[in-house]
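[1] Let me see the structure of the following:
(one chain, ligands or ions: 2)
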Amino acid sequence: MIVVLSKTVSAHDKEMVRIYLKDRGFTIREQVFGAEEIIGALGKGVVDTRELGLLPGVERVAATSKPYELASRETQSEDTIITVGGASVSPVKIGGSRITVIAGPCAVESREQIRETAERVRESGAVILRGGAYKPRTSPYAFQGLGLKGLEFLKEAGEALNMPIVTEVVSPELVESMKDLTDMFQIGARNMQNFELLKKVGSVGRPVLLKRGAANTIEEWLMAAEYLLASGARDVALCERGIRTFETYTRNTLDISAIPVVKGLSHLPVLVDPSHAVGIRAKVSPAALAAIAAGADGLTVEVHPRPDAALSDGPQSLYPEQFEKLMRDIEALAPVVGKELLRTPLRNHPAFAISSIQDIREKTEKIAFCGESGAFAEQALVRVFGEDAPRLQVPSFQAVFDAVLDGSADAGVTPVENSLAGSVHENYDLFLRYPDIAIVGEVKLRITHCLIADERADIDNIAIVRSHPQGFAQCQDFLAKHPQWRLETFNNTAEAAASIAREGAFKVGAIAGAAAAKAFGLKVLKEGIETNPLNYTRFVALARKVGDKAPILPSLGSGAPNKASLVFSVSDEPGALFSCLQILSGRGINLSKLESRPIQGQPWQYLFYVDVSLPKDPGVFDAVVEELKAKARDFRFLGTYRAAG
Ligand code: PEP
Ligand code: MN
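    Ligands and ions are numbered 1, 2, ... in the order given. Below you'll find the model as predicted:
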């Protein structure tokens, strides 16, 4: 049931409504939906809805339109982000702007097999390890799993590689003995409607991966999730794994359309298991990519070091090399759907030993960005540091550097390059002026522009459009169709949106991201108005150096940094630049960017910005740096970090 509060409700009246509902046995969840403030009343309380409707401050009372309440978007509009692990391994999140990949064999077969698989999938970027210890097999004569012994092997491998584990539980009696050995329970397709199992698993409060039954509707699946939530679980991820259809070529039929449908109906994260859906190794990766394109929050994929010898589901298990290729493809696809492939730190990796700021993300007080709420820089910040990262809004790029230098922020996020408009030179110049600040990570954000305006606005009545000059430049074709609009320039796109909200102007539009519309309660009149949809901006995370070393940002890398940024100038003589680049090529180091910039105050002198791939052996790079320092002029090392996909 939903109680919509009136716009003028007082704090006292709101509290009275809360007390009224709680006294009658409801738990409550408060929400703001657009302009409406809502109290969701959940559970089996008893109430006279007419009496409730007459309470001061109540505008109307409505039953939820769905039989599931806790799982419904009607009771919670924001995506739920769940956390798996956290005790003996780093926590891994599922949901929001990240893509979380779970991988491992169908079944744990031996200590060596699960350890080897874990190492291989971890190397490729999987962050949660899967493996069945209790296997629900179609045939009673097939391998049934190693039971608790298998679970111990799985846990051991997970801890060694800093990966939370997920494993299937097949009966309520096993829940107690398994609960301290696993980070997440999987409810398999065959058990999706085993309600006693759902109630028992829900009651222990561990995260749950709930597979869709092979012959179950979306509503039945969400009702199963409701059982878990109503019994006490909070961290529930839904998992589409294919349904039974008349098609026999594939093992099941992957219901791709279920992904956007369920994401609309529920706030819970949605994962996809392409392995059981398709059942044919060669078809698993295309199905996995389709799932990500359709909006899945992640995948669970079966991988086996020797699929031909697997004791279960070998024909659908990927070879580790195939999984590695799939992960690279996902990394490339992620920014297209506005997401980032989640990476977590490999504990004990030597890369983390050099930093006293081992996990900036955990210890950070504030992260600085330039602009208003909803700015693209804020989206980049969320991608790097998470939704709950505390933020510091500052008015200029330089203020981001100042805040990080003087300690009012522990880190910052700032744009350095757009795929259409080129480098943001102001930020490159700032790196030169702030030698104590280093690049510690990068993120690539797809920039989708929208025309946004007040709720009452209509595209035909717009007279003025506000944005940053880049916003106008990137939407030229769209603007050309409306030559009568007057363009007004703002410092950034989100500020243009903010000005409309502040003034309540309804003949004014802004070109900005959808997040800015949301932040200021504005409406999107048209989405995707940029001339070229392949429009990406590369943002970097920056932090203060520790000694002369750049701190490492583990949240951005599953291993050692693989990219470095350098700046240098050269003397005015033939072959000067060539001899510097030769130092790199001589050591087999690949250049990913080379750009020249005029040196301020020195007409006709140039600086070279260079991005390189780091060699595996850190000693090689150290030697290159020493040689470059000797050969180049004004050599400056900007940092090493994990490259964005
Ligand atoms: C599994 O994940 O190994 C499994 C048995 O999956 P499902 O329940 O989807 O068949
Ligand atoms: Mn399987």
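
[2] Give me every residue in the stretch 101-250 of the chain lying close to ligand 1.
    Along the stretch 101-250 of the chain, the residues adjacent to ligand 1 under the rule Cβ under 6 Å from any ligand atom are 106, 132, 188-190, 211, 241. Where you see a C-beta, it was placed from the backbone N, CA and C, and this is true even at glycine.

[3] can you do 5 Å?
    By the rule Cβ under 5 Å from any ligand atom, the part of the stretch 101-250 of the chain lying against ligand 1 is 106, 132, 188-189, 211, 241.

[4] do the same with the chain
    Residues of the chain that fall close to ligand 1, judged by Cβ under 5 Å from any ligand atom: 106, 132, 188-189, 211, 241, 276.

[5] which regions of the stretch 451-600 of the chain sit below the pLDDT cut-off?
    The stretch 451-600 of the chain contains residues with pLDDT under 70 at 547-560.

[6] Give the buried subset of the residues of the stretch 101-250 of the chain next to ligand 1 as a PyMOL selection command.
    The buried subset of those, as determined by 16 or more other Cβ atoms under 10 Å, is captured in PyMOL by this line:
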select buried, resi 106+132+188+189+211+241
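
[7] Could you single out the nearest of the residues of the stretch 101-250 of the chain next to ligand 1 to ligand 2?
    Each of these was scored against ligand 2 by Cβ to the ion, and residue 106 proved nearest at 3.3 Å.

[8] quick revisit: filter the residues of the chain next to ligand 1 down to just the ones in helices.
    Judged by DSSP state H, the subset of the residues of the chain next to ligand 1 located in helices is residue 276.

[9] would you turn the residues of the chain next to ligand 1 into TSV with pLDDT and distance to ligand 2?
    TSV is the format used below for the residues of the chain next to ligand 1 (pLDDT from 0 to 100; distance: Cβ to the ion, whole Å):
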residue	pLDDT	distance to ligand 2
106	98	3
132	98	7
188	98	9
189	98	10
211	98	11
241	98	9
276	98	6
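
[10] The residues of the chain next to ligand 1 in strands, which ones?
    When these are checked against strands (DSSP state E), the matches are residue 211.

[11] Could you list the residues in contact with stretch 240-247?
    The list of residues contacting stretch 240-247 from outside it, by Cβ atoms under 8 Å, 6 or more residues apart in numbering, reads 189, 211-212, 214-216, 250-255, 258-259, 262, 270-273, 276-279, 291, 296.

[12] go on, stretch 454-461?
    Where contact means Cβ under 8 Å, 6+ apart, the residues beyond stretch 454-461 that reach it are 35, 451, 500-501, 504-509, 521-523, 525-526.

[13] let's see 6 Å
    506-507, 523, 525 (Cβ atoms under 6 Å, 6 or more residues apart in numbering).

[14] Ok, stretch 496-506 next?
    Around stretch 496-506, the neighbours that count as contacts under Cβ under 6 Å, 6+ apart are 372, 452, 454, 456-457, 466-467, 490, 508, 510, 512, 516, 520.

[15] Name the member of these with the most neighbours.
    Neighbours were tallied for each of these (criterion: other Cβ atoms under 10 Å), and the maximum of 34 neighbours falls on residue 512.

[16] got the contact list for the one residue sitting closest to the centre of the chain?
    In the chain, the residue lying closest to the centroid (Cα atoms, centre = their mean) is residue 98, at 1.6 Å. The contact partners of residue 98, taken as Cβ under 6 Å, 6+ apart, are 340, 342.

[17] Kindly recompute the last result at 10 Å.
    Contacts of residue 98 were listed using Cβ atoms under 10 Å, 6 or more residues apart in numbering, and they are 81, 92, 127, 269, 297-298, 334, 339-343, 382-383, 386-387.

[18] Just give me the closest of the residues you listed to ligand 1.
    Using Cβ to the nearest ligand atom, residue 298 is the member of those that lies nearest ligand 1, at 14.2 Å.

[19] Verify the stated contact: that closest one with residue 274.
    No: with contacts defined as Cβ atoms under 10 Å, residue 298 does not count as touching residue 274, sitting 11.4 Å away.

[20] Need the residues touching each of the two.
    Residues within reach of residue 298 and of residue 274 at once, by Cβ under 10 Å, 6+ apart, are 291-292.

[21] hang on, isn't residue 182 packed against residue 176?
    No: between residue 182 and residue 176 there is no contact under Cβ under 10 Å: 11.9 Å.

[22] neighbouring strands for the helix or strand encompassing residue 566, and are they parallel or not?
    Per DSSP states H and E, residue 566 falls inside strand 563-569. Each strand that strand 563-569 pairs with, and the sense of that pairing, follows from DSSP bridges: strand 606-613 (antiparallel), strand 633-641 (antiparallel).

[23] What's the first helix or strand after the first one?
    Beyond strand 606-613 in the direction of the C-terminus, DSSP H and E gives the next helix or strand as helix 618-631.

[24] I'd like the mean pLDDT over that next one, please.
    Across helix 618-631, pLDDT averages out at 90.

[25] same thing with stretch 225-235?
    The average pLDDT within stretch 225-235 is 93.

[26] got the buried residues for that stretch?
    Buried residues in stretch 225-235, defined by neighbour count with 16+ other Cβ under 10 Å: 225-231, 233, 235.

[27] Residue 260 and residue 192: what is the separation?
    Going from residue 260 to residue 192 by Cβ to Cβ, to the nearest Å gives 21 Å.

[28] So between these two, which is more surrounded?
    Neighbour tally, residue 260 and residue 192, criterion other Cβ under 10 Å: the higher count belongs to residue 192, 25 against 13.

[29] The more buried one is in contact with residue 218, isn't it?
    No: applying Cβ under 10 Å, one finds residue 192 not in contact with residue 218, separated by 11.8 Å.

[30] ranges for the strands of the stretch 101-250 of the chain?
    With DSSP state E, counting those that start in this stretch as the criterion, the stretch 101-250 of the chain has strands at 128-130, 165-168, 184-187, 208-211, 236-240.

[31] out of these, nearest to residue 608?
    Checking the strands of the stretch 101-250 of the chain against residue 608 by Cβ to Cβ gives strand 128-130 as the closest, at 42.0 Å.

[32] hmm, the closest one in reach of ligand 2?
    No: applying Cβ under 5 Å from the ion, one finds strand 128-130 out of contact with ligand 2, separated by at least 9.2 Å.

[33] So what are the sheet partners of that strand and their directions?
    Within its sheet, and counting by DSSP bridges, strand 128-130 is paired with strand 98-104 (parallel), strand 165-168 (parallel).

[34] Show me the one of these that comes nearest residue 403.
    Comparing the strands paired with strand 128-130 against residue 403 with Cβ to Cβ, the closest turns out to be strand 98-104 (25.7 Å).

[35] Between strand 236-240 and that closest one, find me the angle.
    Taking axes from the mean of the first three to the mean of the last three Cα atoms, to 10 degrees, one finds strand 98-104 and strand 236-240 inclined to each other by 70 degrees.
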